[in-house]
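Peer 1: requesting a structural model of the entry that follows:
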Amino acid sequence: MQGYASALNKSIIVIQNEDHQHALKEIDAAASAVASDQMQVVRILKYVLEGTLK
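Peer 2: This is a model prediction of the structure:
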């Protein structure tokens with residue numbers, strides 16, 4: 001998936017827990033953001049769209 005998004009020049013947000021942090025380091029490096037849960041993704045998207053960190 002990461003390669004496909006990269007080929008299309010699309011940004012990606014990765015959700016992962018700490019247990020998989022080292023195994024996914026190459027994907028994390030290609031991601032625009034890395035989150036540990038869905039609420040963090042919502043906050044990232046809100047920041048991108050509205051410019052606020054609430």
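Peer 1: counting contacts, what elements does the helix or strand encompassing M39 pack onto?
Peer 2: Using DSSP states H and E, M39 falls within helix 38-50. In this structure, helix 38-50 packs against strand 13-15, strand 33-35, with contacts taken as 3 or more Cβ pairs under 8 Å, 6 or more residues apart in numbering; DSSP states H and E. For the C-beta atoms, the positions are set from N, CA and C on the backbone; glycine is no exception.
Peer 1: hey, which of these is tucked in deepest?
Peer 2: For the helices and strands packed on helix 38-50, the stretch with the most neighbours on average is strand 33-35, a mean of 17; neighbours defined as mean count of other Cβ atoms under 10 Å.
Peer 1: so for it, mean pLDDT?
Peer 2: For strand 33-35, mean pLDDT is 87.
Peer 1: quick one: list the elements packing against that strand.
Peer 2: Packed next to strand 33-35, using 3+ Cβ pairs under 8 Å, 6+ apart, are strand 13-15, helix 38-50.
Peer 1: now the helices and strands packed on helix 38-50 as TSV including distance to V42?
Peer 2: As requested, those are arranged in TSV below (distance: least, Cβ to Cβ, whole Å):
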stretch	distance to V42
strand 13-15	10
strand 33-35	9
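Peer 1: and T52, which of the ones you listed is closest to it?
Peer 2: Proximity of the helices and strands packed on helix 38-50 to T52 was assessed by Cβ to Cβ; the nearest stretch is strand 33-35, lying at 15.9 Å.
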